[in-house]
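**Student:** Got a predicted model here, sequence first, then my questions.
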Amino acid sequence: MGSNVKTPKLGTRMMPYLAILRHDMRTLQASRLVRLWLGATALLTLLLTGSNWANFQDGTLIASLLFPYLVFPWFLVVVVLGVTPVSGAQTETLADGILSRPVSRLEYLLATWSARVVLVLGVYLVVTVPAIVLIMLAKRPVPADTVTIYGIATSLGVVGLVLTFLVSLGFLAGTVLQKPLLAVVVLIFIWYPIGLILSIFSLEEFSPISLNRAISTQLRQSWRQSDEAKGKTKPEDAYAFTDQMSNFFNVLSGTQSEPKAAKPDFFEGQKFDDFSLLRVTLGYGLPTLASVFLAALSFYWRDL
Amino acid sequence: MELAIKTERLTKIYGQRLIAINDMNLEVPCGSVFGLLGPNGAGKTTTVRLLLGLQRPTAGRAMVFDKPCGPNAVGVRSQIGYLPTNPKLPGNLRPIEYLDLLGKLCRLPGEVRKPRISALIRAVGLLGATDQRIRTFSTGMCTRLGIAASLVADPPLLLWDEPTAGLDPSARRFTLDLIRELGKTKTVVVATHILSDIDQICDHLGVMHEGRMIFTGSMQDMKQRLCQHDFSLELEGAPDDVQALAQKVTALKGIDAHTDADHALLVRIADDYSRPAALAEVLKLIDASNLALKAIHSGQNATENAYLQLLQEDEAHGFQR
């Protein structure tokens, strides 16, 4: 029984996680859904780039390429990918094959979640990065723009974070609702009117459409501007985040919110200058972590 | 007695509606080949899944080698080799890839994993199918691969759920022989409703009925429980004549007889009386009657009879329980 051969402790401990991750990535890569998505997203990116080649400036064109990931239609694919490993007939297969082995449910959940996040981000970056490089390097018959590398990296990061959040939300819905179709339908009904839902909590800033519009501004942000801001805590950033959080909980609890000193003028002037990377990172990062945590909790308590 | 499995008042109720396991106490001795016997829906698979931590008990507890079972009981699962009924395997993998994945899940280093996988593939007779994807496998091949999968980590306890389901006679023979062989070094629990399998391979058994364990003990205990009819005589003739014959036979010393629903004569001979002599007396009475003897059955199917008798008793004592 077992073995006396010594292997590195961390390597041995991580072995099941890495094995499931690799297996899941491989299965996903071979799936029709992912192959079709890769083809469709590449085609759409090509079409968007080609049709706006001579019309849009760099920032606007790049923002238009990111629109399908943030708003429609790719969120649907991302959500489906998130839902599938923990719901429906799949659970039976994984119970027979994986969870009856010496693997904890958390290990399984984290491995499949990581596999999906890596795959989704992989498809998204494989398609968008070459298109962005082409847009930046090519000489196009449009006025020069002030898009920066920093702006591109942070914008890609924001969209990546939203996609990670969607995968996590899919995981949560899949574990709680257990029926994949039901979970997808529920998420569609949540994600479509998300702008409206967020506006109830005065969190319009985080709606995908707002983010997409703000990305044009963010793309033109320079590292220097951000560097200058570093070290100095922006009081308005912290204030706005605290205000958003308290408003969110006030709406949830039904208590009346205190009168605000100043309303964030996020939508005013269509400039989106007060787009805060920190707030967006927290606004999507914390719910992502919460979703994974709740999915793990729900999966732990569930019968297979 | 060292126990491989112990459950105490184990209960599983699904959604406050269905009682799958009802206050079950089970003890499986180490080194035994234990048959978990019961009709479909008796709760055998649920018991196995509770031991694996795939499901949580509603009440009570289950222990494997003195360790509590549960969803995160990785240590318990590392001691168990599980074979599900008609295992659902990842169709896109080849057998070696699948076993390699499972070996990694069991944290086996490459230098142990690789030779063991080759040995298992050879042992279960899948050497000729190593380049095929699992989705092309027949039921028998899937079961063979499932068997290999349950043995990858070389665990001391095997939980095999309906291992012979859907197998052709040669595959079934192979599986039963393998269980017999594995039983020499490991504790094997076979959940099944096929009596002949239990009869051939098990030394201990537990009989489940409607979520309850209605009998646990050795095979010998089980057979001794049988209210054994030493002979069953199939007769041709009027039912009244059969009844009259039964009365005459009962009048003989050391012999008890009665008729069943098919008007067969069930003869039971007391322990201290000679069976051949008693049978000769009964045959003489038949010869003198208006009845024709069609067949004589001896109590060969002891396990089946004992099992059916247990189920009947359990049904009859429904209210008491």
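**Tutor:** Arrived safely. Numbering: from 1, shown residues only, chains lettered A, B, ... in the order given.
**Student:** Which helix or strand contains residue A:151?
**Tutor:** Using DSSP states H and E, residue A:151 falls within helix A:149-177.
**Student:** Could you find the closest non-adjacent residue to residue A:198?
**Tutor:** Once flanking residues are discounted, residue A:198 sits nearest to residue A:207: 4.9 Å by Cβ to Cβ, 6 or more residues apart in numbering or on different chains. Using the backbone N, CA and C atoms, a C-beta is placed for each residue, glycine as well.
**Student:** Can you report how many residues lie near the residue of the stretch 151-300 of chain A found nearest chain B?
**Tutor:** Per Cβ to the nearest Cβ, residue A:300 is where the stretch 151-300 of chain A lies closest to chain B, at 5.8 Å. By the measure other Cβ atoms under 10 Å in any protein chain shown, the count of residues near residue A:300 is 16.
**Student:** tell me the SS of it?
**Tutor:** helix (DSSP: H, G, I helix; E, B strand; the rest coil).
**Student:** Could you pull up the contacting residues of it?
**Tutor:** A:105, A:106, B:71, B:72 (Cβ atoms under 8 Å, 6 or more residues apart in numbering or on different chains).
**Student:** any idea of the pLDDT on the residue of the stretch 151-300 of chain B found nearest chain A?
**Tutor:** Nearest residue of the stretch 151-300 of chain B to chain A: residue B:154, at 5.1 Å (Cβ to the nearest Cβ). pLDDT, residue B:154: 91.
**Student:** And for residue B:311?
**Tutor:** Reading off the model, residue B:311 has pLDDT 75.
**Student:** Without its sequence neighbours, what residue ends up closest to it?
**Tutor:** residue B:209 (5.6 Å).
**Student:** What's the local residue count around that neighbour?
**Tutor:** Residue B:209: 22 neighbours (other Cβ under 10 Å).
**Student:** repeat for the one 5 residues further on
**Tutor:** Neighbour count for residue B:214, taken as other Cβ under 10 Å: 19.
**Student:** cool, and residue B:194?
**Tutor:** Counted with other Cβ under 10 Å, residue B:194 comes out at 16.
**Student:** Compute the distance between it and residue B:307, please.
**Tutor:** 11 Å (Cβ to Cβ, to the nearest Å).
**Student:** Also residue A:115?
**Tutor:** Residue A:115 is 47 Å from residue B:307, by Cβ to Cβ.
**Student:** In terms of neighbours, single out the busier of those two.
**Tutor:** Each of residue A:115 and residue B:307 has its neighbours counted (other Cβ under 10 Å); residue B:307 has more, 26 against 23.
**Student:** Who are the contact partners of the more buried one?
**Tutor:** Here residue B:307 is in contact with B:37, B:195, B:207, B:222 (criterion: Cβ under 8 Å, 6+ apart).
**Student:** follow-up on the earlier one: which other helices and strands does whichever helix or strand comes after the helix holding residue A:151 contact?
**Tutor:** Scanning forward in sequence from helix A:149-177 by DSSP H and E, the next helix or strand is helix A:180-191. Packing partners of helix A:180-191 (3 or more Cβ pairs under 8 Å, 6 or more residues apart in numbering or on different chains; DSSP states H and E): helix A:74-83, helix A:149-177.
**Student:** Quick one: mean pLDDT for helix A:180-191?
**Tutor:** 86.
**Student:** Whichever helix or strand comes after that helix - contacts with which helices or strands?
**Tutor:** Per DSSP H and E, helix A:180-191 leads on to helix A:194-200 as the next helix or strand towards the C-terminus. If you count contacts as 3+ Cβ pairs under 8 Å, 6+ apart, helix A:194-200 packs onto helix A:208-218.
**Student:** Buried residues, the helix it packs on. List them.
**Tutor:** When burial is assessed from 16 or more other Cβ atoms under 10 Å in any protein chain shown, helix A:208-218 yields the following buried residues: A:208, A:210, A:211, A:212, A:213, A:214, A:215, A:216, A:217, A:218.
**Student:** so what's the last one closest to, chain neighbours aside?
**Tutor:** Using Cβ to Cβ, 6+ apart and skipping residues adjacent in sequence, the residue nearest residue A:218 is residue A:155, 5.1 Å away.
**Student:** what about the helices in the stretch 201-304 of chain A?
**Tutor:** A:208-218, A:223-229, A:235-253, A:277-301 (DSSP state H, counting those that start in this stretch).
**Student:** Tell me where chain A is predicted with low confidence.
**Tutor:** Judged by pLDDT under 70, chain A has its weakly predicted residues at A:1-8, A:85-96, A:224-274.
**Student:** Determine whether any part of the longest helix along it lies close to chain B.
**Tutor:** If you go by DSSP state H, chain A has its longest helix at helix A:105-137. Yes. Applying Cβ under 8 Å from any Cβ of the partner chain, one finds helix A:105-137 in contact with chain B at A:105, A:106.
**Student:** Looking at stretch B:279-292 now, give me its mean pLDDT.
**Tutor:** Here the average pLDDT along stretch B:279-292 is 89.
**Student:** Stretch B:201-216 too?
**Tutor:** 88.
**Student:** now the residue nearest to residue A:170 when sequence neighbours are not counted: how far from residue B:92?
**Tutor:** With Cβ to Cβ, 6+ apart as the criterion, residue A:170 has its nearest non-adjacent residue at 2.1 Å, and that residue is residue A:82. Distance from residue A:82 to residue B:92, counting by Cβ to Cβ: 20 Å.
**Student:** For these two, work out which one has more neighbours and name it.
**Tutor:** residue A:82 (32 against 15).
**Student:** Now do the helices in the stretch 101-250 of chain B.
**Tutor:** B:110-123, B:139-151, B:169-182, B:195-201, B:219-225, B:239-251.
**Student:** need those helices in a markdown table with distance to chain A and mean neighbour count, can you?
**Tutor:** What follows is the helices of the stretch 101-250 of chain B, written out as a markdown table (distance: least, Cβ to the nearest Cβ, whole Å; neighbours: other Cβ atoms under 10 Å in any protein chain shown):
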| stretch | distance to chain A | mean neighbour count |
| --- | --- | --- |
| helix B:110-123 | 4 | 16 |
| helix B:139-151 | 8 | 22 |
| helix B:169-182 | 13 | 16 |
| helix B:195-201 | 21 | 19 |
| helix B:219-225 | 27 | 16 |
| helix B:239-251 | 52 | 15 |
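**Student:** how about the ones you listed in TSV, adding distance to residue A:149?
**Tutor:** Formatted as TSV, the helices of the stretch 101-250 of chain B follow (distance: least, Cβ to Cβ, whole Å):
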stretch	distance to residue A:149
helix B:110-123	42
helix B:139-151	50
helix B:169-182	63
helix B:195-201	69
helix B:219-225	77
helix B:239-251	100
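**Student:** Confidence-wise, which of those is weakest overall?
**Tutor:** Note on those: lowest mean pLDDT is at helix B:219-225, with a mean of 73.
**Student:** who's in contact with residue B:206?
**Tutor:** B:26, B:28, B:34, B:35, B:36, B:37, B:213, B:215, B:216.
**Student:** So what pairs up with it in the strands?
**Tutor:** Counting by DSSP bridges, residue B:206 is bridged to residue B:36, residue B:216.
**Student:** Residues in contact with stretch A:122-132: which ones?
**Tutor:** With Cβ under 8 Å, 6+ apart, stretch A:122-132 has contacts from A:34, A:37-38, A:41-42, A:45-46, A:49, A:62, A:65-66, A:69, A:74, A:152, A:156, A:159-160, A:163.
**Student:** ok, now stretch B:233-248?
**Tutor:** B:257-259, B:262-267, B:282, B:285-286, B:289-297.
**Student:** how deep is the closest residue to residue B:183 other than its chain neighbours tucked in, by neighbour count?
**Tutor:** Nearest residue to residue B:183, sequence neighbours excluded (Cβ to Cβ, 6+ apart): residue B:33, at 3.9 Å. Residues near residue B:33, counting by other Cβ under 10 Å, number 23.
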